[in-house]
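Q: Sequence plus predicted model, see below.
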Amino acid sequence: MKPMMAMLAALALGACSGSDKSSEVKQGDLGTGINTIDRQYARSAGDTWDAAVAAMKHYNLDIETDNHDALGGELRAHRGGGEKVRVRVRSLDDKNSDVTVRVEPGNRNMAEMIHDKIADKLGLKEAKSAFFGGNSAEGTYPIALATAVKGAEDASARLDLTVTNKQTTDDGAVVDARQINSTPVQFKMKKVSDGVKVVFIAGSEKSETNRDLSRRMKTEFENCCVARNN
């Protein structure tokens, strides 16, 4: 009797374990990590889908599957070298959509390039010169350039900004990012005699919203740098 009860208990435990494991995998989940990048665009799912297809064609990717409807869908393709590319488009509402790009194995740069081309096709990619039309704030800080760059990245994370570009030279650095609605922002850093001068630029045109954003960038940057130096 006891052996039979032990066997039944083991079977029950195995069934529960299998159920828990399968529930951890979400249907259609593209995963996380260095090869997966998620962004949201201020465009409908239909427009974003067309832009995603155009981006795949621009990079000469061979599309294997194209399954979509009015609420979005998923593209699967591969590059000449065999890398697998998956793009998922999901409608958030009539005017906004979410896009996840995954490139295997671990090619974050290619995923960024696909996102940039999607933004370009949607008319949301800002030229570098466009930053000069936005609102700005500035400050000079007695810190190292590397500390300033890390402060810009941490401030971006606190403000829910997605970092899209980072460039560092001997005498300065630039960290570009964007809001969830694709508004561009920039932390422009330059070494000076008493530390690092930082210009916080928000948007491509002057507005009260962009002015407030540039000030919040400055505040969060200062909070991050102070916390790091203490």
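A: Ah, there it is.
Q: Skipping its backbone neighbours, what lies nearest N165 in space?
A: Among residues not flanking N165 along the chain, D176 sits closest, at 4.0 Å (C-beta to C-beta, 6 or more residues apart in numbering). Backbone N, C-alpha and C define where each C-beta goes, glycine included.
Q: now swap in S214 and tell me
A: Excluding the flanking residues, the one nearest S214 by C-beta to C-beta, 6+ apart is A202, at 4.1 Å.
Q: continuing past the lowest-mean-pLDDT helix or strand in the chain, what's the next helix or strand?
A: One helix or strand of the chain scores below all others by mean pLDDT, DSSP states H and E: helix 2-23, with a mean of 39. Note on helix 2-23: by DSSP states H and E, the next helix or strand toward the C-terminus is strand 36-41.
Q: The helix or strand that comes right after that following strand - contacts with which helices or strands?
A: Note on strand 36-41: by DSSP H and E, the next helix or strand toward the C-terminus is helix 45-58. Applying 3 or more C-beta pairs under 8 Å, 6 or more residues apart in numbering; DSSP states H and E, we find helix 45-58 packed against strand 62-69, strand 72-78, strand 84-93, strand 96-104, helix 108-121.
Q: if we go to 7 Å?
A: strand 72-78, strand 84-93, strand 96-104, helix 108-121 (3 or more C-beta pairs under 7 Å, 6 or more residues apart in numbering; DSSP states H and E).
Q: Quick check: bridge partners of the residue nearest to N165?
A: N165, Q186 (DSSP bridges).
Q: shaky segments in this protein?
A: Applying pLDDT under 70 to the chain flags the ranges 1-35, 124-133, 181, 226-230.
Q: tell me the domain boundaries of it?
A: Domains of the chain are assigned by automatic domain parsing as 36-121, 128-229.
Q: a markdown table for the helices and strands packed on helix 45-58, including mean neighbour count and distance to K218?
A: Shown next, in a markdown table, are the helices and strands packed on helix 45-58 (neighbours: other C-beta atoms under 10 Å; distance: least, C-beta to C-beta, whole Å):
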| stretch | mean neighbour count | distance to K218 |
| --- | --- | --- |
| strand 72-78 | 19 | 37 |
| strand 84-93 | 20 | 30 |
| strand 96-104 | 22 | 28 |
| helix 108-121 | 19 | 26 |
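Q: Can you add distance to G139 and give the ones you listed back as a markdown table?
A: As requested, these are exported to a markdown table (distance: least, C-beta to C-beta, whole Å):
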| stretch | distance to G139 |
| --- | --- |
| strand 72-78 | 42 |
| strand 84-93 | 35 |
| strand 96-104 | 33 |
| helix 108-121 | 29 |
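Q: So for D50, which of these sits nearest?
A: Closest approach to D50 among those (C-beta to C-beta): helix 108-121, 7.6 Å.
Q: Determine how far the closest one lies from the middle of the whole chain.
A: Taking C-alpha atoms, centre = their mean, to the nearest Å, one finds helix 108-121 lying 10 Å from the centre of the chain it belongs to.
Q: can you check stretch 69-85 too?
A: For stretch 69-85, the distance to the chain centre is 18 Å (C-alpha atoms, centre = their mean).
Q: Check stretch 210-221 too.
A: 20 Å.
Q: How about residues contacting that stretch?
A: 134-137, 139, 151-152, 155, 158-159, 185, 187, 198, 200-203 (C-beta atoms under 7 Å, 6 or more residues apart in numbering).
Q: how about R86, what does it touch?
A: Counted by C-beta under 7 Å, 6+ apart, R86 has contacts L30, E74, L75, R76, R102.
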